[in-house]
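> attaching a predicted model along with its sequence, questions to come.
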Amino acid sequence: MTDMKGKERQIFTGQWADLPMEEMCKTAKEMGYEGLEIASWGQIDVEKAAKDDNYVKEIKAMLEKYDLGCWAIGMHLPGQCVGDAEQWAYDPRLDNFAPSALAGKPDEIRAWGIQQMEYAAQAAKNMGVKTVTFFMGSPIWKMWYSFPQTSEEQIEAGYQRIKELWSPIMDVYDACGVKLALEGHPTEIAYDYWSTKRLLETFDYRPTLGINFDPSHLIWQGLDPAMFLYDFADRIYHVHIKDAKLNLNGRNGILGSHITFGDQRRGWNFVSPGHGDVDFDNIIRVLNQIGYDGPLSIEWEDSGMERIFGGTEACEFTKQINFSPSYVAFDDALKTD
C-alpha cells in the first residue's frame, strides 16, 4: 500500500525563540504542525543535550506529549560565527549571536561557535535527529561585488579558509552519523547556484555537507529554485518552505536600499508561504521526482502579518501543496483489454 500522506510538516522555531519549549509545542500543535525544527537559540541547549541524558529525555517527553516529531536542529547563529569572526573582517553584529561576555572578541566568538557546532552533532545523535541545519559564514562576503578590485586568489583563499575551519567540525558529525545542511543565503560562502557548486567542490563533495534548500533566497536573485533542486538533487538534505515577493516598481532596488524587512519601499520582502513568487507546486514535483522524503519545514517570516494567523495559514497551505507522486501513469486506464 502506497503512503499518500506526503512529507511531514514541521515549523522552524528560530523566529519563535521567545517561546518556552512547552508553549512552542502547544502552539505548533494548535497551528497544525507535525514537528519542530528546533533552533539552538530557542528551545534547546545543545551543550546540555550533548552531555545530559535526562535533559534529552525531557525534550523527547515534551515532544511526545504534543505528538510532535523533530527531524532537524537549527544551528544558524553559532555557525555564522565560525566563518565570520575573523579579526580582519570582524562584524560587531556577531555580538548578538554569542554570549555577551564575548562581545568584541572575534577569536573567542569563533571558538564558541565551533564548540556549539560540535555539541550540536552529539545533541542530534542523542535526540535521534539525523540533520543539523546551519549557516557557515563567509570571510569574503563583503567581496561579492568586485570593487575595490578583487582577485581570484582572494576568493579562493576565502573558500579554503572555510574548508580549514569546517573540516574538523565535519569530522565530529561523521563520528556521530549526522549530516549538515547548509542554507544558501546572502552573507554565506554559498548564496547562489555557482557559489554553492564551488563550495561543494571545495569540500570534494564530502557526503557530510548538503543543502538546506530554501527557495526564498533564490527567487529574488532571479534563480529558478526548481532547477537548483534538480541539479543538486543528491545534496538536498532538508527543505524550508519560505516565500518572497518581488516589488521592483522602478524605484525599489533588488539590494534592499538599507531599508528594513517589511517596508514596501524594498524591492522584495519575505512573505508567508503562498503570498509570494515561489512556485511551490513545481518545487514539490521536483522533490517527488528526486526522491526527497524528509520534512517540509516552514520557516515563517512575514513582517506584515500576525504570526499565529500566518503560521496557521502557512501550515494549511503546505498541507494543500504537499502531494505524493503518482505511481501509475495517468493514461494507464486507456486500454481496451
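Happy to help now that I have it.
> ok, which stretches of the chain are helices?
Under the criterion DSSP state H, helices of the chain are mapped to 21-31, 46-51, 53-65, 76-84, 106-127, 152-176, 193-202, 216-219, 225-231, 280-290, 307-321.
> winner for burial among those?
helix 76-84 (a mean of 25; mean count of other Cβ atoms under 10 Å). From N, CA and C alone the C-beta is placed, and that goes for glycine too.
> tell me the helices and strands packed up against that one.
helix 106-127, strand 131-134, helix 152-176 (3 or more Cβ pairs under 8 Å, 6 or more residues apart in numbering; DSSP states H and E).
> the helices of the chain: which one's closest to residue 297?
helix 307-321 (9.4 Å; Cβ to Cβ).
> can you tell me what sits against the closest one?
Residues from elsewhere that reach helix 307-321, judged by Cβ atoms under 8 Å, 6 or more residues apart in numbering: 6, 9, 11, 15-16, 27, 30-33, 241, 272-274, 280-281, 284, 296, 298, 300, 302.
> next, the angle from it to helix 280-290.
Helix 307-321 and helix 280-290 are oriented at 50 degrees to each other (axes from the mean of the first three to the mean of the last three Cα atoms, to 10 degrees).
> shift numbering so it begins at 35
Yep, numbering from 35; the last one is helix 341-355 now.
> for helix 341-355, what is the average pLDDT?
Across helix 341-355, pLDDT averages out at 97.
> distance from the chain centre to that helix, please.
Distance of helix 341-355 from its chain centroid, counting by Cα atoms, centre = their mean, to the nearest Å, is 18 Å.
> also stretch 64-81?
With Cα atoms, centre = their mean, you get 13 Å for stretch 64-81.
> stretch 129-136 too?
So, by Cα atoms, centre = their mean, the centroid of stretch 129-136 is 22 Å from its chain's centroid.
> from one end of that stretch to the other, what's the distance?
One end of stretch 129-136 to the other measures 7 Å (Cα to Cα, to the nearest Å).
> let's have the helices and strands packed on helix 110-118 in a markdown table, adding mean pLDDT.
Listed next are the helices and strands packed on helix 110-118 as a markdown table, based on pLDDT from 0 to 100:
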| stretch | mean pLDDT |
| --- | --- |
| helix 140-161 | 97 |
| strand 165-168 | 98 |
| helix 186-210 | 98 |
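> is it possible to export these to TSV including distance to residue 250?
Formatted as TSV, the helices and strands packed on helix 110-118 follow (distance: least, Cβ to Cβ, whole Å):
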stretch	distance to residue 250
helix 140-161	24
strand 165-168	14
helix 186-210	23
